[in-house]
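>>> Sequence below, structure please.
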Amino acid sequence: GNATLNLTTTPRVTVNGVNANDFTVTIQPAATVAGGGGTTTFTVTFTPGAAGLRTAMLSIINDDCDEDVYNFTVWGNGIITGAPVMVVRGNGNAIADGDSSATGFDLTHFDNVSLCDGQPVTHTFTLHNDGNAPLILTGTPVVSITGTNATSFSATPPAVTTLLPGDQTSFTVTFAPSTLGTHNATVSIPNNAGTLNPYDFAIAGFGVTPEIDIKGGGSPGTSIPLGSPTPLMANGTDFGSTAVGIGVEHTFTIWNTGSIGLALNGSPKVAPGGLNPNDFVVTLQPPVNFVSTNFFTQFKVKFTPLATGPRTATLTIANNDCDEGGYTFTIQGNGT
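Numbers count the residues shown, from 1 in each chain. Prediction:
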């Protein structure tokens, strides 16, 4: 920037996190940095207190408008002479042994996976030997998954089980949820790396689905059950009585109460059928093909009886809801 940057705390760089004692700021930066490209430097010394991956967070509090708390992670490996050191990485980022917080940063969080399309999500992890002795993967299976929702995940083991110093291999974990909501589990890899045996870390993901809810009968409206064979005045599916040739129009609302977008994939989006479909005309089709979570769209139907007596039809709204993909219900009116 063009103005002077002020580092506003003492010490100006602080260390915290899981292994904060392993990292020391041996030279602090200056308290101010001139604008227009000015710089200052600081030095961090890593002295591992134990073998394996050691991590900490550096924080610099300053008067930058939108980065007034500047945080970033530092890490290093503690190596015992003549010992293997196991490190697992996702997306190139190290996952600490015992890590209990799944994130997208290192691929341990699988985000949202739809229950509807049957498409699981697979993440690839790399396993490294950063020590100076052979690393042996001793488990059967080599990579196991345990925990509350272990059955939602499956692992494909690495191709090799012995890694020389500097070697790496890879394995995959697949998330295929069968129920809605959060799914949690733990990856465990037994090995010969001392305190890193077994190497455990948390994984998680969300099972999601769109959820269609159609309402009629005014605002806020009354829900129309899927497949409802009994039209009601309360939800607008009963248009009442009107003279032959005289139209009555009702407005219906399509809500998406699910956790991902609802696709209206019919052509037309609202399709009349049944005994007297010509008596019921969709005067306004839903103007969108996609309804976001907790949003809605509307359509209108006009009943103009072509003859006297009871007149009935069905409306079908094709969509990507897992269990209500062909949303059909009956409408009726009476010609006088």
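
>>> C-alpha from now on. contacts and neighbour counts both.
Noted.

>>> Give me the distance between the spatially closest residue to residue 83 that is not a sequence neighbour and residue 309.
Sequence neighbours aside, residue 133 is the residue nearest to residue 83 in space, at 4.9 Å (criterion: CA to CA, 6 or more residues apart in numbering). Per CA to CA, to the nearest Å, residue 133 is found 89 Å from residue 309.

>>> More neighbours: which of the two?
The neighbour comparison of residue 133 against residue 309 (other CA atoms under 10 Å) goes to residue 133, with 18 against 13.

>>> That one reaches residue 86, doesn't it?
No. Using CA atoms under 8 Å, residue 133 is not in contact with residue 86; the gap is 10.6 Å.

>>> which secondary element of the protein has the worst mean pLDDT?
strand 109-114 (a mean of 90; mean pLDDT, DSSP states H and E).

>>> other SSEs contacting it?
In terms of contacts (3 or more CA pairs under 8 Å, 6 or more residues apart in numbering; DSSP states H and E), strand 109-114 is packed against strand 121-129, strand 199-208.

>>> Apply 10 Å and report the result again.
Contact partners of strand 109-114 among helices and strands, from 3 or more CA pairs under 10 Å, 6 or more residues apart in numbering; DSSP states H and E: strand 121-129, strand 168-175, strand 181-189, strand 199-208.

>>> mind checking which of these is nearest residue 21?
strand 199-208 (22.0 Å; CA to CA).

>>> where in the stretch 51-200 of the chain is pLDDT low?
Scanning the stretch 51-200 of the chain for pLDDT under 70 picks out the ranges 80-81, 118.

>>> what about 90?
Along the stretch 51-200 of the chain, the parts satisfying pLDDT under 90 run over 51-53, 65-66, 77-83, 111-119, 132, 178-180.

>>> Need the overlap of contacts for residue 133 and residue 86.
163, 165, 193 (CA atoms under 10 Å, 6 or more residues apart in numbering).

>>> among the residues you listed, who's most crowded?
Top of the shared contacts of residue 133 and residue 86 by neighbour count (other CA under 10 Å): residue 193, with 22 neighbours.
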